[in-house]
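Q: Build me a structure from this.
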Amino acid sequence: MFLYLCGEIKRIFMNSIIGREKEIKELNKLYDSGKAEFVAVYGRRRVGKTYLIDSFFGDKLTFRHAGLSPVDAKQGKNLLMEQLQNFHISLQRYGAENTKQPKSWMEAFFLLEQWLETQNKKQRWVVFLDEMPWMDTPRSGFITALEAFWNGWGCRQSNLLLIVCGSASSWIQNNLINNHGGLYDRITYEIKLSPFTLKECEEFYKQKNIRLSRYDIVQAYMMLGGVPYYLGYMQKGLSLAQNVDEIFFAPKAKLRDEFHRLFLSVFSQPEEVKQIVKLLASRHIGFTRSEISKALGMSGGGLTTMLRALEESDFILHYVPFGCSQREVHYKLIDPFCLFYLRFVESNGNKNADFWKENVASQGVSSWRGIAFEEVCLNHIRQIKRALGVEGVKSTQSSWTLRGDTETEGTQIDLLIDRADNVVNLCEMKFYQDEFTIDKTYFRTLQNRQNRLIEALPKRKVVHAVLITTYGLTYNEYSGFFLHTITLDDLFSN
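A: Purely as a prediction, here's the structure:
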């Protein structure tokens, strides 16, 4: 009967949640594995990690605890004692009433162990420790205690499913997944939760009865990314422009302070991390590590650690521009929320509560859409490759910038897909209100880009030009340049 009820709960949950099919299957498999499991769930702040675990397991969680945010802690307070007190309260909430407040994490985990021993051993014990990085305060001995709990007791409990979660992805990576001490190779499974795709955003809006065209859903993605928490602020009955003003520009706008809280709550050096993000936002192609170091006066392992942390949390990516050596790695900001915030919100201050409605048709916003659409495409490379029929072909993607000189004009290609089947896709990305039309001037620009690319490629490679746009390509004497046209319908595929 118990297993039947669990199955019914999971079935109902799976029918109501947006996306996450892969993660749901993984959680089902882990729940039914019949052995001790130590699972790490991580991902960008606000991406829905806690919601996934809470919703999937519901009242089947044997024990649940969340660390206290250091953002809300007052300076000078004993953070360790606060965290331990909070853990003790969680134990009491679940029935461990006759216990004293632990004085160390070693004692706290021992109390959890003792309490679990009193529970039904025929049922799966699901222990969820949320925001674990917040519990690991300086000199707290938290990792040592967690190691003792798992290695000394937990790993031998075949009915224990321990799930740990955190938005500080680099902490999860460094202290759990890539731990070289007592927790080495102890994580039995890891789940990285990514933002929604365009298709999942569309499903979210439909479920909330928010009516937006795909054209506007893409624009919303340019501002909010696929972060479920942010999407939740969209209101039905309002246009996209009205929603944007309410979320970003109105008095007490919901996300006005989110940029600062993002880094304050996740990174150990939030101000330095924000400096890196702001620098990367200033150049579309990104910066090399040496350029970042020179511009910000940062160097050594500290800069490397911050860049890695930003990448593991999906704020930035690193890539090697086409034709460059592996030493010329570029770091590029790809988080839509940060890009939009720094472009429009921070500069607006508190001046204009109707900023977006008044500027939605301006040239500045129109130019921004063109650049932001390129970022949307980069976040949907898998859908682009599927539309080209090359999802299974090994490939790399990058940009290419060729500087001009007194004799030759320079050129830039924002997306190249270099495939193992000897084809290079030259991708042009155009966000347009209708079908896109190639005129003579643009055709000559395209020809120049293609010819310069051919000159730089090995002879075994051939160039296939691809247009990625909203509603397709108008047929005329120049349209044959593109061998493939990818539209919003393709970007909205699963």
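Q: going forward, measure contacts and count neighbours with C-alpha atoms only.
A: Will do.
Q: Next, the buried residues of the helix or strand Ile143 falls within.
A: According to DSSP states H and E, Ile143 maps onto helix 142-152. For helix 142-152, burial by neighbour count (16 or more other C-alpha atoms under 10 Å) applies to 142-143, 145-150.
Q: Could you do stretch 64-72 as well?
A: Residues of stretch 64-72 classed as buried: 64-70 (neighbour count, 16+ other C-alpha under 10 Å).
Q: what does that stretch contact?
A: Outside stretch 64-72, the residues that touch it by C-alpha atoms under 8 Å, 6 or more residues apart in numbering are 79, 82-83, 86-87, 90, 127-135, 264-265.
Q: immediately after the worst-scoring helix or strand of the chain on mean pLDDT, which helix or strand?
A: For the chain, using mean pLDDT, DSSP states H and E, the weakest element among its helices and strands is helix 2-16, scoring a mean of 47. As assigned by DSSP H and E, the chain's next helix or strand after helix 2-16 is helix 21-31.
Q: from the middle of its chain, how far away would that following helix be?
A: Put simply, helix 21-31 sits 20 Å off its chain's centre (C-alpha atoms, centre = their mean, to the nearest Å).
Q: Which is the succeeding secondary structure element to that helix?
A: The first helix or strand that comes after helix 21-31 along the chain, using DSSP H and E, is strand 37-42.
Q: Paired strands for that next one, with orientation please.
A: Take DSSP bridges as the rule and strand 37-42 pairs in its sheet with strand 160-166 (parallel), strand 189-192 (parallel).
Q: contacts for whichever helix or strand comes after the longest one?
A: Elements were assigned by DSSP H and E; along the chain past strand 160-166, the next helix or strand is helix 169-172. With contacts defined as C-alpha under 8 Å, 6+ apart, helix 169-172 is touched by 40, 42-44, 133, 166, 308-309, 312-313.
Q: List the buried residues in stretch 323-330.
A: For stretch 323-330, by 16+ other C-alpha under 10 Å, it's 329-330.
Q: chain center to it, what's the gap?
A: 24 Å.
Q: residues touching Phe196, list them.
A: For Phe196, the contacting residues are 19, 225-228, by C-alpha under 8 Å, 6+ apart.
Q: got the residue ranges for the helices in the stretch 351-494 of the chain?
A: Under the criterion DSSP state H, counting those that start in this stretch, the stretch 351-494 of the chain contains helices at 355-359, 363-378, 381-388, 440-456, 488-491.
Q: Going by neighbour count, which residues of the shortest one are buried?
A: By neighbour count on 16+ other C-alpha under 10 Å, the buried set for helix 488-491 is 488, 490-491.
Q: same question, the third one
A: By 16+ other C-alpha under 10 Å, the buried positions in helix 381-388 come out as 381-385, 387.
Q: All the strands of the stretch 51-200 of the chain, residue numbers only.
A: Ranges of strands in the stretch 51-200 of the chain, per DSSP state E, counting those that start in this stretch, are 63-66, 125-130, 160-166, 189-192.
Q: Show me the contact partners of the helix or strand that contains Phe259.
A: Secondary structure assignment for Phe259, by DSSP H and E: helix 258-264. The contact list for helix 258-264 (C-alpha under 8 Å, 6+ apart) reads 45, 71, 270-271, 273-274, 338, 341.
Q: In ChimeraX, select just the buried ones from the residues you listed.
A: To isolate the buried members of the contacts of helix 258-264 in ChimeraX, using 16+ other C-alpha under 10 Å:
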select :45,270,273,274,338,341
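Q: Closest one of the contacts of helix 258-264 to Ala250?
A: Lowest distance from Ala250 to the contacts of helix 258-264 (C-alpha to C-alpha) belongs to Tyr341, with 13.9 Å.
Q: can you list the domains in this structure?
A: Annotated domains of the chain cover 2-192, 196-379, 388-491 [automatic domain parsing].
Q: quick one on the thing from earlier: quick check: which of the helices of the stretch 351-494 of the chain is buried the most?
A: Of all those, helix 488-491 has the most neighbours on average by mean count of other C-alpha atoms under 10 Å, namely a mean of 19.
Q: From the contact counts, what lies against that helix?
A: When contacts are defined as 3 or more C-alpha pairs under 8 Å, 6 or more residues apart in numbering; DSSP states H and E, helix 488-491 sits against helix 381-388.
Q: Who are the packing partners of the helix it packs on?
A: strand 484-486, helix 488-491.
Q: nearest to Phe249, of these?
A: The closest of the helices and strands packed on helix 381-388 to Phe249 is helix 488-491. By C-alpha to C-alpha, the value is 28.3 Å.
Q: quick one: average confidence on that closest one?
A: Throughout helix 488-491, pLDDT has a mean value of 98.
Q: repeat for stretch 416-434
A: Confidence for stretch 416-434, expressed as mean pLDDT, is 96.
Q: go on, stretch 121-138?
A: On average, stretch 121-138 scores 95.
Q: what does stretch 290-307 give?
A: Throughout stretch 290-307, pLDDT has a mean value of 92.
Q: For that stretch, list every residue counted as buried.
A: 292-293, 298, 303, 306-307.
Q: Run through the chain and note the low-pLDDT ranges.
A: The chain contains residues with pLDDT under 70 at 1-16, 72-78, 349-350, 404-408.
Q: Return the closest of the buried residues of helix 488-491 with respect to Tyr189.
A: So of the buried residues of helix 488-491, ranked by how close each gets to Tyr189 (C-alpha to C-alpha), first place is Leu491, at 30.2 Å.
Q: ok, now which ones touch Gln123?
A: Asn159.
Q: List the neighbours of stretch 391-400 that are in contact with it.
A: 285, 319-323, 382, 385, 412-421.
Q: Buried subset of those residues as a ChimeraX selection?
A: To isolate the buried members of the contacts of stretch 391-400 in ChimeraX, using 16+ other C-alpha under 10 Å:
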select :285,319,320,321,322,382,385,413,414,415,416,417,418,419
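Q: so what's Asn494 closest to, chain neighbours aside?
A: Lys199 (6.3 Å; C-alpha to C-alpha, 6 or more residues apart in numbering).
Q: got the contact list for that neighbour?
A: Going by C-alpha under 8 Å, 6+ apart, Lys199 touches 491-494.
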